[in-house]
Each structure stands twice: as structure tokens, then as C-alpha cells.
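1. Here is a sequence with its predicted model. Questions after.
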Amino acid sequence: MRTDSSPGTLPAREHLPAGDAGTPVLDVVIPVYNEEKDLQPCVLRLHEHLTRTFPYAFRVTIADNASTDTTPQVAARLAAEIPEVTNFRLEQKGRGRALRTVWSASDAPILAYMDVDLSTDLNALLPLVAPLISGHSDLAIGSRLARSSRVVRGPKREFISRAYNLILRGSLQARFSDAQCGFKAIRRDVAQVLLPLVEDTGWFFDTEMLVLAERAGLRIHEVPVDWVDDPNSTVHIVKTATDDLKGVWRVGKALATGSLPLDRVARPFGDDPRDREIQDVPKGLARQLVGFCVVGGLSTLFYLVLYSVCRQFSGSQTANALALLVSAVANTAANRRLTFGVRGRGGAVRHQAQGLVVFGIGLALTSGSLAALNAATSDPAHSTELAVLIAANLAATVLRFLLFRAWVFPDRGDADQESTVVAAHHPSSPAYSTVIPQQTGPYAPLPQRPTAHQTRTTYDTTNQFRAGEAADGTWRDATMQLQPVRPHDTDPRDAR
């Protein structure tokens, strides 16, 4: 919930209020493939831990993706014996495919998953989901590489894990510390917008989801974990590593070309102080100035090199025009992507045309400066020409920034921003239609775990889905509406 009264352009993240309702707050998914020996001990241990420590209603979902042993029978028996356990059967392999399918069909506001070997100590589960329930974060991950984590595993896996995360930091500029720890959670409203952008259906699913979430400005909470390696793990390290590297290349290429529509995901789930309307402070001016200066400095060096090369076989005016034309096209493209954050190919031709107009103004300034120099002296030194051009380019740079900001890449204003936010939050939006459970007060309550004397809820515990689909073949939202807790609400029992 909001802790201050400052107005913002985005709605605050919603804190799930406590109360009684029939929908589980947490849905923990366990993806399995041929795990007939480990499945039952895992589910029983997890169920016992949640019953003892988790204060709200929960569900444990077994996602069996095409097992060929007796795993389906074990899963069906557990679902029949334990009220909080349900079972999904998929006919295709892939951990990412299993998570996407089950999460798309779940009605719980908080979605999580963990590996069947339970290598991660379960005491980290409540700290994992707490920031999602409170509304502080959008995703949460367990980290084996945090300083305070306590990890027991062999040197081979340790080296592979750290090398993989170094690759992510170097290639995709990832800032989270551990991409592949099988211990993650996400808010349902975030998942229904983010997961359609994730293409991978295997082990790279986690990494792709986290990279896209981070690039979209979503908040990722990291929890240090205690982790003990499973020596009997069936993961094929070489094949998994190869597939992951292919995924890194694919995602990196998509981010570089701007083909991913991250604008519709960017920060729609929280009140970011950087997005607030503050009087007399131009939005994003400081960041744009820094980006423009960096691009401008590199463009100036590029221009001077081109000018020096062209000057060897042409006059000063021709060399200046050619160098300025080429550098102007590169400058406009770089500022479009890096300084003003415009992605994709839409409007690129128009932006370049407007950039050429700005180039014409710069050409007039620099050409006029050269003409004045040639009028003053008939044979100016090359160093003098460069000095005059640098001074003229500085003046043209200031004018270029003002024209870029006000004309070529203007701020789209509140209208576009509002349309983005409304698409993500408005109840009438088709992509965000909600089913509101029965409630007794003005807020949708957070479900409490049922007590022993309450009647067991009956539902079909075995459902079959084609991989990648919800129960009805669509991306359906059955999440209960999450109403914000108002900062000034008071408890009538509070004597204050």
C-alpha cells in the first residue's frame, strides 16, 4: 500500500488484505517428470510445512509433464487423499510448458514453484511470497549466490552456475544473482501480462521470464536460501547449458532489435517515484541529458574521423557535408533507442526524416563557420578547421537536443501513459476481466487456511490440458480482484 500521500501517475501496488474467502492465496506448483520415488515424500513434507507455518489458504499443484512411469498414479493418489493437493497432467515435456499451463489455469493471486527434490530449505518459502502478498514486489526468487546463502554442492555445478550467471550479466545485463534456482514466485496479475512474452518451454523459461521482467522495470525480490545439491538429479547439464546459451542469443537479439513489446509491461504494477508528476521538473530530463551527451560525444568523434578521411580527397565543404550526413543518421538512430527509449521500427522513417531537418540546421551552422573561417584566411590550418568545427558542433548539439526532445521524440504525455495503465488495471479491460468472490466488506479478503472442522472443498483434482493452454484453451483470468488497503483505514477495535 502507499505509505505517503504524494500523487503519482501510476496506481500503487495492491496489498492483499486479510480475511476469509474460498480461493487459496498461494498455489505452489511442483513440475515433475518420472519422479515416482521422490514425489510423495516431497508433497507430504511441503504440505506439512505449509499447514504448520503458512497463515493463509494454499494449494499444492503437481504438474506432471508426460511422465512414463507411475508418477501419474502417485500424483492422483495424493490429490485424492489431501484436500489442498491437485494434479494436472500434460502430454508434452518441458518445465516451462508445465509452469505456463498451470499458472494460466490457477485462480490464486500468488503463484510459486519449486523443484521436486526440495533442495531449497522450506523456511525460505514464507519470506519468498511475503513481499508479493504485501504488494512490495512483482516477482521473487531464491538465490544460491547471495552472500548470506548457505549452499552445499560440488565444484562442477558451482562453476557452471556462476559461469552461467556471469554470461547473463555480460550479455543481457542481468542484475539478479541466480537465474536457475528452482524456487520462484510471481503475482498472478503480473504473470498474465508477462508470460505471453516468454517463448521458452524448457529450462530457460526462468531466465527469460526474469530478464523480460527486469527490462520492463518490474521489481524482483531476492531471498538468500539454504540449498543442498541433489546428487541424483536427472538434469542433463550439457544439453541444458546448450539450450540456455541458445536462449540467451535469442533473447539478446530480440532486445537489441526492439521486437519485444515491453512498453505494455513497463512498470504497470506499482507506483514508481520516478514516474510522479512533480511541478517544474521535466520528466526524465537528467537521464536524457546523460544519454544524449554520451551519444553526442561518440557521434562527434565519429564525425571528426569521417571528416578527416573525406578531407583527403575532397574540399572542406564537401567533406563536412558527407561526414555530417552519415554521423547524423547514426546519431538519430542512437538517440532514438538509447536516449529517448523508442523501441521497434514504428516511426523510424519519420524520425530519420526529422533528424535530417535537424542535420540541415547543424550543416548550416558548421558550413557557415567554415565559410567565415575561409573568408578570414585564405589557407587555414587543418587544426584550425577542426577547432572551428568543434565549436560549431557544440552549438549545434545544444540545439539538436532541444529539437529532439520537443519535436522529434516528444513526451507522449498523460494520454498515452494513461492508456497503458488503464489497459493493465481497468476492470473493464477484456484482458483483465476478473471474477470477484463473495465478500462481506468493501475489500476482497485474503483467504485464511480452513480449520480442521471446516468442510472439505471438492473439486476435480485431475485435469488434462494440451501444453500451453488453460482449461478452455484461452488465457483466462480467474484471479480475485485485489483491492488496495487504504493508508488511513482504521480498525474499529483500535482505541486510538
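-> Sure, I can see it. Residues are numbered from 1 along each chain as shown.
2. what's the longest helix in the protein?
-> Determined from DSSP state H, the single longest helix within the chain is helix 348-376.
3. next helix or strand past it?
-> Counting by DSSP states H and E, the next helix or strand C-terminal to helix 348-376 is helix 382-403.
4. pLDDT averaged over that next one - what is it?
-> Predicted confidence along helix 382-403 averages 82 (mean pLDDT).
5. other SSEs contacting it?
-> Packing partners of helix 382-403 (3 or more Cβ pairs under 8 Å, 6 or more residues apart in numbering; DSSP states H and E): helix 285-310, helix 316-334, helix 348-376. All C-beta spots, glycine's among them, are computed from the backbone N, C-alpha and C.
6. Give me the buried positions along that helix.
-> Going by neighbour count (16 or more other Cβ atoms under 10 Å), the buried part of helix 382-403 is 385, 388, 389, 392, 393, 396, 397, 400, 401, 403.
7. And stretch 201-211, by the same measure?
-> Quick answer for stretch 201-211 (16+ other Cβ under 10 Å): 201, 202, 203, 204, 205, 206, 207, 208, 209, 210, 211.
8. Using PDB, write out the CA atom coordinates for it.
-> The C-alpha coordinates for stretch 201-211 follow below in PDB (Å, rounded to 0.1, in the frame of the first residue of the first chain):
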ATOM      1  CA  THR A 201       9.200 -24.100 -22.700                       C
ATOM      2  CA  GLY A 202      12.100 -25.800 -21.100                       C
ATOM      3  CA  TRP A 203      14.800 -24.900 -18.500                       C
ATOM      4  CA  PHE A 204      15.500 -21.400 -20.000                       C
ATOM      5  CA  PHE A 205      11.900 -20.400 -19.100                       C
ATOM      6  CA  ASP A 206      13.100 -19.000 -15.700                       C
ATOM      7  CA  THR A 207      15.900 -16.900 -17.200                       C
ATOM      8  CA  GLU A 208      13.800 -15.500 -20.000                       C
ATOM      9  CA  MET A 209      11.000 -14.500 -17.600                       C
ATOM     10  CA  LEU A 210      13.400 -12.800 -15.200                       C
ATOM     11  CA  VAL A 211      15.200 -10.900 -18.000                       C
END
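9. How about the residue nearest to the spatial centre of the chain: what's its closest non-neighbour residue?
-> Computing the C-alpha centroid of the chain and ranking residues by Cα atoms, centre = their mean puts residue 213 first, at 0.6 Å. Nearest residue to residue 213 in three dimensions, chain neighbours excluded: residue 139, at 5.5 Å (Cβ to Cβ, 6 or more residues apart in numbering).
10. Also residue 50?
-> residue 58 (5.1 Å).
11. what sits against residue 70?
-> Neighbouring residues of residue 70 by Cβ atoms under 8 Å, 6 or more residues apart in numbering: residue 36.
12. Listing request: residues of the stretch 301-450 of the chain with sub-threshold pLDDT.
-> For the stretch 301-450 of the chain, the stretches with pLDDT under 70 are 411-450.
13. circling back to that earlier point, angles on the backbone of the residue nearest to residue 50, please.
-> phi -140, psi 170 (degrees, to the nearest 10).
14. ok, it touching residue 46?
-> No. At 9.6 Å, residue 58 and residue 46 do not qualify as touching, with contact defined as Cβ atoms under 8 Å.
15. Could you tell me which residues touch both of the two?
-> residue 28.
16. for the longest helix of the chain, packing partners?
-> Helix 348-376 sits against helix 316-334, helix 382-403, with contacts defined as 3+ Cβ pairs under 8 Å, 6+ apart.
17. I'd like those laid out as CSV, including distance to residue 250.
-> What follows is the helices and strands packed on helix 348-376, written out as CSV (distance: least, Cβ to Cβ, whole Å):
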stretch, distance to residue 250
helix 316-334, 23
helix 382-403, 35
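18. closest to residue 78 out of the ones you listed?
-> Minimum separation from residue 78 across the helices and strands packed on helix 348-376 (Cβ to Cβ) falls at helix 316-334, 56.5 Å.
19. got the buried residues for that closest one?
-> By neighbour count with 16+ other Cβ under 10 Å, helix 316-334 contains the buried residues 316, 319, 320, 321, 322, 323, 324, 327, 328, 331, 332, 334.
20. Just give me the closest of those residues to residue 109.
-> residue 334 (41.7 Å).
21. from memory the closest one sits against residue 296, does it?
-> No. Applying Cβ under 8 Å, one finds residue 334 not in contact with residue 296, separated by 9.3 Å.
22. any shared contact partners between these two?
-> Counting by Cβ under 8 Å, 6+ apart, nothing touches both residue 334 and residue 296.
23. Enumerate every residue touching the closest residue to residue 370 other than its chain neighbours.
-> The shortest distance from residue 370 to any non-neighbouring residue, by Cβ to Cβ, 6+ apart, is to residue 316 (5.6 Å). Listed by Cβ under 8 Å, 6+ apart, the contact partners of residue 316 are 370, 374, 385.
24. Residue 312: which of the residues you listed is nearest?
-> Using Cβ to Cβ, the contacts of residue 316 come closest to residue 312 at residue 385, 13.4 Å.
25. which residues touch that closest one?
-> Shown in contact with residue 385 (Cβ under 8 Å, 6+ apart): 316, 370, 373.
26. Would you mind measuring from the first one to residue 255?
-> Taking Cβ to Cβ, to the nearest Å as the criterion, residue 316 is separated from residue 255 by 41 Å.
27. what's the neighbour count on the residue nearest to residue 50?
-> Other residues lying near residue 58 total 23 when counted by other Cβ atoms under 10 Å.
28. ok, what's across the strand from it?
-> residue 26 (DSSP bridges).
29. and residue 50, how far is that from residue 408?
-> Using Cβ to Cβ, we find residue 50 at a distance of 55 Å from residue 408.
30. Share the number of residues neighbouring residue 145, please.
-> 19.
31. Kindly report the same for the one 3 residues further on.
-> Residue crowding around residue 148 was assessed by other Cβ under 10 Å; the count is 9.
32. need the contact list for it.
-> residue 224.
33. Wait, a helix at it?
-> No. Residue 148 is assigned coil when assessed by DSSP: H, G, I helix; E, B strand; the rest coil, not a helix.
34. what's the distance between it and residue 124?
-> To residue 124, residue 148 is 11 Å away according to Cβ to Cβ.
35. With residue 313 instead?
-> Residue 313 sits 68 Å away from residue 124, going by Cβ to Cβ.
36. out of the two, which sits in the busier spot?
-> residue 124 (20 against 8).
37. my guess is that one contacts residue 141, does it?
-> No. With contact defined as Cβ under 8 Å, residue 124 and residue 141 do not form a contacting pair (10.5 Å).
38. list residues touching both of those two?
-> Common contact partners of residue 124 and residue 141 (Cβ under 8 Å, 6+ apart): 183, 223.
39. Tell me where the chain has helices.
-> 39-53, 71-81, 95-105, 125-134, 155-171, 188-194, 205-215, 237-257, 285-310, 316-334, 348-376, 382-403, 413-425.
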